[in-house]
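Student: whatever this is, show me its structure:
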Amino acid sequence: MASISREPNGRRTVQFVGGDGKRRSIRLGKVSQREAEAVKWRVEALVSATLTGCPLTDEVSRWVATLDGPLADKLAKVGLVPKRQRAGDGLGLADFIDQYIGGRTDIKQSTREHLQRARRDLLAFFGPDKLLCEITPGDCDGFRVYLAERLAENTLRRICGRAKQFFRAAHRKRLIAENPFADMKGCGVQANTSRYRFITRAEAGKVLEACPDSQWRLLFALARFGGLRVPSEPLGLRWGDVDWAASRITIHSPKTAHQGKATRQIPFFPELRPHLEAAFDEAAAGTEYVITRYRDSKTNLRTQLERIIVKAGLEPWPKLWQNLRSTRETELAETYPMHVVTSWLGNTATVAAKHYLQVTDEHFQRAATGGAKAVQNPVQQAQETACKGRQQETQNPGFSGVCEPLRYCTSVQAPRQGLEPWT
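Tutor: Numbers count the residues shown, from 1 in each chain. Predicted structure coming up:
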């Protein structure tokens with residue numbers, strides 16, 4: 001006979017004595033008592049068939065035939081069912097990842113490069129010949145510790161997330177019984193507020209003055225005052241996207257194209273106009289793209305911007321381009337509804353709150369001075385108005401006499417029974 005034991009954490013285990021007289025355990029995890037009972041009586045049937053040589057009932061035979069995943073492996077491990085052969089049993093880690101990345105014809109080159117980075121880290125830890133089916137959740141924990149010794153927290157999270165993606169695909173193809181990364185938490189990028197920096201208009205003005213040409217000034221302005229993602233969105237901007245009459249600019253967004261949001265529109269912000277006009281005046285006839293220089297993929301715009309900032313007499317800030325976009329979204333959120341701001345910036349309110357919106361020094365200053373007054377003013381003004389009104393009535397006896405009946409009406413309350421006559 002088999003039995004069910006329950007651990008304090010709610011996990012249940014089916015235990016039985018095999019034909020050799022040894023007690024064996026099948027850990028079911030966190031399942032209900034009813035589910036554990038269903039496994040228990042089937043285990044008893046399998047043990048009985050093993051001991052007596054009698055055939056299994058049709059119901060148990062069908063159940064065994066449909067078994068897959070971790071439970072099938074656990075039953076095979078204790079000798080109750082044959083070990084299942086999977087297509088991925090002899091598949092190496094490197095071979096599978098190469099197949100996966102090669103088959104993703106729907107992703108951009110930048111995404112492919114990120115997946116290749118995760119591949120290199122996985123192979124550096126596990127080795128290229130490690131079989132896919134041999135990797136355990138404990139191995140994955142070790143991989144995370146290995147990354148933590150070398151990488152920043154958010155970089156680590158991204159790589160673990162992509163590793164989780166690889167093994168999820170393998171599990172869906174039934175190449176492995178379970179995804180060893182499935183239970184790993186903390187694979188999403190966290191906001192690091194210590195790397196936020198609000199770029200004031202005065203600082204932006206200094207950087208614009210230090211830019212070497214009109215193209216660089218426009219590129220910087222599109223990031224700081226247009227909130228564009230650099231480099232993809234400014235480099236994708238065409239003169240045909242600039243609607244001078246309607247004062248709107250159409251932005252092409254490769255990042256959100258797969259979400260059905262390939263383009264969005266932003267207003268022709270006044271801060272952009274002089275730089276767009278200067279670039280337009282310099283453009284040769286028939287020029288298609290607004291930014292004609294710095295289009296080479298090998299051009300390092302970040303390094304060049306860093307030099308310009310130093311030339312402007314400022315200290316380079318973290319996340320040079322993203323903080324320009326973050327600054328603009330923070331500014332716009334002060335004036336416009338959030339659904340409007342996110343429509344212009346091309347993200348969501350959740351993403352904006354988590355990764356873009358900043359708490360600035362000005363917020364603290366306003367709260368300590370003008371902001372506090374703004375909260376008190378409505379009450380104070382109401383009291384002051386009432387006092388002034390009473391003073392005026394006292395100073396003008398004629399007016400006071402006219403208003404005296406009205407004052408009585410406003411001071412006398414109707415009884416709680418209502419306005420109808422009492423009965």
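Student: from what I see, Arg229 and Ser253 are in contact.
Tutor: Yes - applying C-beta atoms under 8 Å as the test, Arg229 and Ser253 come out as touching, 7.1 Å apart. For glycine as for every other residue, the C-beta is placed from the backbone atoms N, C-alpha and C.
Student: what do these two both touch?
Tutor: Residues touching both Arg229 and Ser253 (C-beta atoms under 8 Å, 6 or more residues apart in numbering) are Gly346.
Student: who has more neighbours, those two?
Tutor: Neighbours were counted for Arg229 and for Ser253 using other C-beta atoms under 10 Å; Arg229 has more, 21 against 18.
Student: any idea whether that one is helix, strand or coil?
Tutor: The three-state label given to Arg229 by DSSP: H, G, I helix; E, B strand; the rest coil is coil.
Student: the domain parsing of this protein - what is it?
Tutor: With domains defined by automatic domain parsing, the chain comprises 3-77, 93-172, 203-363, 377-408.
Student: contact partners for His61?
Tutor: Small correction: residue 61 is Ser, not His. Per C-beta under 8 Å, 6+ apart, neighbours of Ser61: Pro55.
Student: in what helix or strand does it lie?
Tutor: Here Ser61 is covered by helix 58-66, with elements defined by DSSP states H and E.
Student: how about that helix: buried residues?
Tutor: 60, 63-64 (16 or more other C-beta atoms under 10 Å).
Student: swap in stretch 7-23?
Tutor: Residues 12, 14-16 are the ones in stretch 7-23 that count as buried (16+ other C-beta under 10 Å).
Student: can you spell out which helices and strands pack onto the helix or strand harbouring Ser110?
Tutor: Per DSSP H and E, Ser110 falls inside helix 109-126. If contacts are counted by 3 or more C-beta pairs under 8 Å, 6 or more residues apart in numbering; DSSP states H and E, helix 109-126 sits against helix 93-103, helix 137-148, helix 153-172.
Student: alpha carbons of the last one, as PDB, please.
Tutor: Put plainly, it is helix 153-172. Taking Å, rounded to 0.1, in the frame of the first residue of the first chain, the C-alpha atoms of helix 153-172 are listed here in PDB:
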ATOM      1  CA  GLU A 153      22.000  43.800 -11.500                       C
ATOM      2  CA  ASN A 154      19.900  44.900 -14.500                       C
ATOM      3  CA  THR A 155      22.300  43.300 -17.000                       C
ATOM      4  CA  LEU A 156      22.100  40.100 -15.000                       C
ATOM      5  CA  ARG A 157      18.300  40.200 -15.000                       C
ATOM      6  CA  ARG A 158      18.200  40.700 -18.800                       C
ATOM      7  CA  ILE A 159      20.400  37.700 -19.400                       C
ATOM      8  CA  CYS A 160      18.500  35.400 -17.000                       C
ATOM      9  CA  GLY A 161      15.300  36.500 -18.700                       C
ATOM     10  CA  ARG A 162      16.700  35.500 -22.100                       C
ATOM     11  CA  ALA A 163      17.900  32.200 -20.800                       C
ATOM     12  CA  LYS A 164      14.500  31.600 -19.400                       C
ATOM     13  CA  GLN A 165      13.100  32.400 -22.900                       C
ATOM     14  CA  PHE A 166      15.400  29.800 -24.500                       C
ATOM     15  CA  PHE A 167      14.300  27.000 -22.100                       C
ATOM     16  CA  ARG A 168      10.700  28.000 -22.300                       C
ATOM     17  CA  ALA A 169      10.900  27.400 -26.100                       C
ATOM     18  CA  ALA A 170      12.600  24.000 -25.500                       C
ATOM     19  CA  HIS A 171       9.900  23.000 -23.100                       C
ATOM     20  CA  ARG A 172       7.100  24.000 -25.500                       C
END
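Student: thanks a lot, see you next time.
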